[in-house]
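Could you work out the structure for the sequence below:
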Amino acid sequence: MQSYKSSPLSFDDKKLLESVASGDERAFEILYHAFSKKIYLFAYKILQSASAAEEVVQEVMLKIWNMGLELEKVNHLEAYMRTLSRNVALNALRRQEIENRANNTLRSYWSEESNETEERVTLNETRAILAKGIAQLPPQQRQVYQLCHQEGLKYEEVAKALHLSTATVATHMKLALRFLRVYLQKHTDLAIIAILFKIV
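Sure, this is the predicted structure:
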């Protein structure tokens, strides 16, 4: 695993962050490729899950993108990315533990005989609410979500199909998932079910 080193920004690093801060997608893509593997390996060591580690990559990069001009205040890029990656990974670990406890609770209280029927009803209700949320997504976020999450395409495949950068696809996907999870929480008390069964 590659290690993070705390060192002052070079001139090139500073210019790169300034470009990302100003909304330059090409600069963001360069930053994404420079750090995505490091973040993935760092998160995987904590979470021991490839999919969870990939989620951490996307969330860290989304936070970076959303920082805007605040990025210009970063003086030690490697150290900053390490801290941010650790915090996001630990939050993911906490969510993972909550989901595991919720799953165990479901198994404890739902009999095997009735589980299938109740599960199906719950999932159908949640999917109906989710469909309304998907309809409210901005067009490009909705298209990325449908291609990635519903059709199972990889980010690279979607990027090629839509003529976008991989980083832009990842950003759209993260924003869509965040909106849909909040939407479910506002419209149903079964949002945890949607997460458990990987609907969002």
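
check contacts around the residue nearest to residue 71 when sequence neighbours are not counted.
Nearest non-adjacent residue to residue 71, counting by C-beta to C-beta, 6 or more residues apart in numbering: residue 21, 4.1 Å away. (Each C-beta comes from the backbone N, C-alpha and C, glycine too.) Residue 21 makes contacts with 67, 68, 69, 70, 71, 72, as judged by C-beta atoms under 8 Å, 6 or more residues apart in numbering.

Neighbour-wise, which one of these leads?
Counting neighbours by other C-beta atoms under 10 Å, residue 71 leads these with 21 neighbours.

so that residue makes contact with residue 20?
Yes - judged on C-beta atoms under 8 Å, residue 71 makes contact with residue 20 at a distance of 5.9 Å.

Mutual contacts of those two, please.
Shared contacts of residue 71 and residue 20 (C-beta under 8 Å, 6+ apart): residue 64.

helices and strands around the helix ranked longest in the chain, which ones?
For the chain, the longest helix by residue count, based on DSSP state H, is helix 77-109. When contacts are defined as 3 or more C-beta pairs under 8 Å, 6 or more residues apart in numbering; DSSP states H and E, helix 77-109 packs onto helix 25-47, helix 50-67, helix 191-196.

Let me have those helices in CSV, extended by distance to residue 79 and mean pLDDT.
Output for the helices and strands packed on helix 77-109, formatted as CSV (distance: least, C-beta to C-beta, whole Å; pLDDT from 0 to 100):
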stretch, distance to residue 79, mean pLDDT
helix 25-47, 12, 92
helix 50-67, 14, 91
helix 191-196, 32, 52
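
For residue 93, find the nearest of those.
With C-beta to C-beta, the closest approach to residue 93 among the helices and strands packed on helix 77-109 belongs to helix 25-47: 5.9 Å.

can you list contacts of stretch 25-34?
By C-beta under 8 Å, 6+ apart, the list of residues contacting stretch 25-34 reads 16, 17, 19, 20, 61, 64, 65, 165, 166, 167, 168, 170.

Would you mind checking those residues for buried ones?
Among the contacts of stretch 25-34, those scoring as buried are 16, 17, 19, 20, 61, 64, 65, 165, 166, 167, 168, 170 (criterion: 16 or more other C-beta atoms under 10 Å).
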